[in-house]
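Asks: sharing a model that was predicted from the sequence below.
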Amino acid sequence: MANFELSDWAIVELGTHDFATARRVAVHAEALLDRPRLVRTLDEAVADCAWVVGTSGKRGRGPRPLRPEEVAREAADRAPGLTAIVFGEESSGLTAAELARCHDLSAVPTGAAQPSLNLAQAVLLYAYETRRAALGAPVARGRAALATDGDLTRMEGALRDVLRAGRFLAGPERHAVRDLSAVLRRGQPSSREARLWETALRALGRRLPG
């Protein structure tokens with residue numbers, strides 16, 4: 001992170017606060033160990049971010065995961081909105097629920113014979129690509145602040161309430177709310193637009209019999 005001038009990081013459910021070993025190898029980067037936000041949930045960690053990208057080497061269904069350079073270019077395009085790149089534990093990676101919580105997924109196109117990267121290697125690749133894209137990106141001027149994940153989560157909650165009140169959701173939710181919200185997320189609404197959607201949905205919900 002220090003190599004590429006990144007300093008904003010959060011750790012979810014930290015198992016230990018003992019950074020003594022890390023300090024011995026973090027030459028000229030010791031200050032970064034004093035800066036992480038220690039949070040209890042992924043929701044808390046990414047609440048101020050406009051785009052949340054989960055990293056995983058697991059192959060699954062759905063769209064092809066973005067490559068690191070694609071994530072970096074998109075993050076530069078979305079500036080000054082913040083992008084969160086989420087990494088899991090080195091041994092097991094992100095859980096299925098954590099990956100589902102992210103807006104998009106990314107993977108490093110490693111070879112099949114040795115697909116695994118350790119956490120430091122993975123962070124280095126994304127940090128390098130992010131730095132490279134940022135250096136070549138034009139300065140963003142006059143763009144409205146993009147909705148944060150917190151804004152979009154509240155909007156999604158209002159949508160969920162309306163769908164339940166209108167009996168569109170009569171049983172288990174499955175993927176309906178997430179899929180409908182994804183359309184709005186892809187539109188990259190501003191913070192003001194997300195608040196307007198939330199206000200309109202809640203006003204509608206209050207008038208439904210449910």
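Replies: Cool, the structure landed. Small disclaimer: the values here were computed from a predicted structure and weren't measured.
Asks: and the closest residue in space to residue 54 that isn't next to it in sequence, its phi and psi?
Replies: Spatial nearest neighbour of residue 54, chain neighbours left out: residue 102 (3.4 Å); criterion: Cβ to Cβ, 6 or more residues apart in numbering. No exception for glycine: its C-beta is placed from N, CA and C like everyone else's. Backbone geometry at residue 102, expressed as degrees, to the nearest 10, gives phi -80, psi 160.
Asks: next: the one 5 residues further on.
Replies: As for residue 107, its main-chain torsions (degrees, to the nearest 10) stand at phi -150, psi 150.
Asks: that one: neighbouring residues, count only.
Replies: Close neighbours of residue 107, defined as other Cβ atoms under 10 Å, add up to 19.
Asks: from residue 86, how far out is it?
Replies: Distance, residue 107 to residue 86, by Cβ to Cβ, to the nearest Å: 13 Å.
Asks: the residue nearest to the spatial centre of the chain: what's it in contact with?
Replies: In the chain, the residue lying closest to the centroid (Cα atoms, centre = their mean) is residue 52, at 1.5 Å. Listed by Cβ atoms under 8 Å, 6 or more residues apart in numbering, the contact set of residue 52 reads 46, 83-84, 86, 101-104, 149.
Asks: 6 Å instead?
Replies: 46, 84, 102-103, 149 (Cβ atoms under 6 Å, 6 or more residues apart in numbering).
Asks: can you tell me the element it falls in?
Replies: strand 51-55 (DSSP states H and E).
Asks: sheet partners, orientation included, of that strand?
Replies: strand 83-86 (parallel), strand 104-106 (parallel) (DSSP bridges).
Asks: partners of the residue nearest to the centre of the chain in the sheet?
Replies: On the basis of DSSP bridges, residue 52 is bridged to residue 84.
Asks: separation between it and residue 147?
Replies: Distance, residue 52 to residue 147, using Cβ to Cβ: 12 Å.
Asks: then residue 131?
Replies: Distance from residue 131 to residue 147, counting by Cβ to Cβ: 25 Å.
Asks: more crowded one of these two?
Replies: residue 147 (26 against 14).
Asks: the more buried one reaches residue 194, doesn't it?
Replies: Yes: between residue 147 and residue 194 a contact is recorded at 3.6 Å, counting by Cβ atoms under 6 Å.
Asks: would you check how far apart the residue lying closest to residue 209 once chain neighbours are set aside and residue 106 are?
Replies: Distances taken as Cβ to Cβ, 6+ apart put residue 165 closest to residue 209, at 7.2 Å, once the chain neighbours are dropped. Counting by Cβ to Cβ, the separation of residue 165 from residue 106 is 36 Å.
Asks: quick one: which of the two has more around it?
Replies: residue 106 (22 against 16).
Asks: secondary structure element for residue 163, which one?
Replies: helix 149-165.
Asks: please spell out which residues along that helix are buried.
Replies: 149-156, 158-165 (16 or more other Cβ atoms under 10 Å).
Asks: show me what that helix is packed up against.
Replies: The helices and strands touching helix 149-165, judged by 3 or more Cβ pairs under 6 Å, 6 or more residues apart in numbering; DSSP states H and E, are helix 176-186, helix 191-206.
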